[in-house]
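fold the following, please.
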Amino acid sequence: MKRTKINDLFRGDLLGQEVTVMGWVRTRRGNKHVQFVALNDGSTIKNVQIVFDLQDFSDEELKPITTGSSIKVDGILVESMGKGQSVEVQAKKLEIFGTADPEQYPLQKKGHTLEFLREKAHLRPRTNTFGAVLRVRSALAFAIHKFFQERGFYYLNTPLITASDCEGAGAMFQVTTLNLNNLPKKEDGSVDYSADFFGKPTALTVSGQLEGELGATALGAIYTFGPTFRAENSNTPRHLSEFWMIEPEVAFFDITDNMDLAEDFIKYCIKYALDNCIDDIEFLAEHYDKELVDRLKFVLDNEFVRLSYSDGVKILEESGHKFEFPVYWGADLQSEHERFLVEEHFKKPVILTDYPKEIKAFYMKLNEDGKTVRAMDVLFPKIGEIIGGSEREESYDKLQKRIEELDIPMKDMWWYLDTRRFGTVPHAGFGLGFERLVLFVTGMTNIRDVIPFPRTPNNAEF
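As a prediction, the model looks like this:
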């Protein structure tokens, strides 16, 4: 008989019918007449209760059913008289796929800390919390593709191995096939990369943006959605060494178009999650963040405030609030400053624009004042910056000058400058760290808990 997923049992149209369910046992309890097993198959936060009448099943048959074991049950779906569930399965036939020794299975029915579960990342998706987080993550990934595809954007795959450092920060993971214990050397003692696989130094990408710009200046509007890597030694609840980025890039767009797109995009994703994952979101709200649903609706119900960096700094300076990090014009704003503007001053999401050129990337379009660039950061409650973007510098001369000012090695990026030589156009785009979005929508507080297998300094397990 064909398997029925547990989430389909709660639709109401299978009552009285024979069903086959398969999943992992969460709990088992009962008495000498009847045994109740809570079964979950990952399709929903809800468990289905399986009822074993002990006139039909022996103790010996049921003995291997312990927390963590996997079973198949054929039975009849009936209305449940029990509290907390609408339906249950009256078991007629049992098959045990795999057992789980209660002395060794680490996810027994008790509260586990998130820190403990990080050490059991191979099993933590079976918990209610991580099942919920991963279902929300999957729905958001689908929503991202849906949003852009519905608006005529093309999905562009940019390289994971690259010779260019988009951010100019140098925090990249090197990719090499050279024998690190016996590196080939040139006469001057430097490493001879001509012997390496690609014939020159290469690294894992920190962003697909530069290649995304190439796509936008041919296809009009593209988006990337793929893994990116940062070799920063940042042990914080907001940083990962491997994470996923969404980077739309659009030709003939200015900074205002870019802000409109960012606001529409993030609201669309949040609404999609509320419409399609409400059971999981309500579970996470109940256990981790009572204000979660209200905060998500707050973002949907409010127009984002649009504010220049200079005005934002003035508000912060005049607030009288004691910040850990000092505020002054030219400072790179910290999360505490961003959250103050959002949570306390405006009580709305904020888009900050026109940052000092010294604290932003080389490719951002210079304003007429010569001091600021057409950058934009979208700031959210509890998170701070969730999106960063800009109108790009389309002038060859201005871009070349900025590259020289910053002494950025461009020998491998002639192709990027070429887009400004041949049919250059105004264009803009932004980047959203996917895990930051999942963090916001799930109410989790540590970014390590919204990706299946986190990669952080000194941690590449599983």
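
now do the SS call for residue 60.
Put simply, residue 60 is helix when judged by DSSP: H, G, I helix; E, B strand; the rest coil.

from residue 54, how far off is it?
11 Å (Cβ to Cβ, to the nearest Å). For every residue, glycine as well, the C-beta is placed using N, CA and C.

who's more crowded, those two?
The neighbour comparison of residue 60 against residue 54 (other Cβ atoms under 10 Å) goes to residue 54, with 15 against 7.

need the contact list for the more buried one.
Residues near residue 54 by Cβ atoms under 8 Å, 6 or more residues apart in numbering: 32, 33, 34, 35.

just give me the neighbour total for the second one.
One way to gauge burial is a neighbour count; for residue 33, by other Cβ under 10 Å, it gives 8.

ok, and the closest non-adjacent residue to it?
The shortest distance from residue 33 to any non-neighbouring residue, by Cβ to Cβ, 6 or more residues apart in numbering, is to residue 54 (5.6 Å).

now do the strands in the stretch 151-300 of the chain.
For the stretch 151-300 of the chain, applying DSSP state E, counting those that start in this stretch gives strands covering 154-155, 161-162, 174-175, 202-204, 221-229, 242-251.

and of the ones you listed, who's closest to residue 281?
strand 242-251 (20.2 Å; Cβ to Cβ).

buried sites along stretch 258-270?
258, 259, 261, 262, 263, 265, 266, 267, 268, 269, 270 (16 or more other Cβ atoms under 10 Å).

the stretch 101-250 of the chain: helices as residue ranges?
Here the stretch 101-250 of the chain has its helices, by DSSP state H, counting those that start in this stretch, at 114-118, 128-150, 209-219.

quick one: contacts for residue 177?
Residues near residue 177 by Cβ under 8 Å, 6+ apart: 196, 197.

against residue 202, how distant is it?
To residue 202, residue 177 is 10 Å away according to Cβ to Cβ.

common neighbours of those two, please.
Taking Cβ under 8 Å, 6+ apart as the criterion, residue 177 and residue 202 both touch residue 196.

ok, back up a step: okay, the buried residues of stretch 258-270 in TSV with distance to residue 348 and pLDDT next?
Shown next, in TSV, are those (distance: Cβ to Cβ, whole Å; pLDDT from 0 to 100):
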residue	distance to residue 348	pLDDT
258	19	98
259	14	98
261	19	98
262	15	98
263	11	98
265	17	98
266	13	97
267	13	98
268	18	98
269	18	98
270	14	98
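
among the residues you listed, pick out the one closest to residue 198, please.
residue 258 (33.7 Å).

the closest one: what's its closest spatial neighbour, skipping adjacent residues?
Leaving aside its sequence neighbours, residue 258 sits nearest to residue 428 (Cβ to Cβ, 6+ apart; 4.0 Å).
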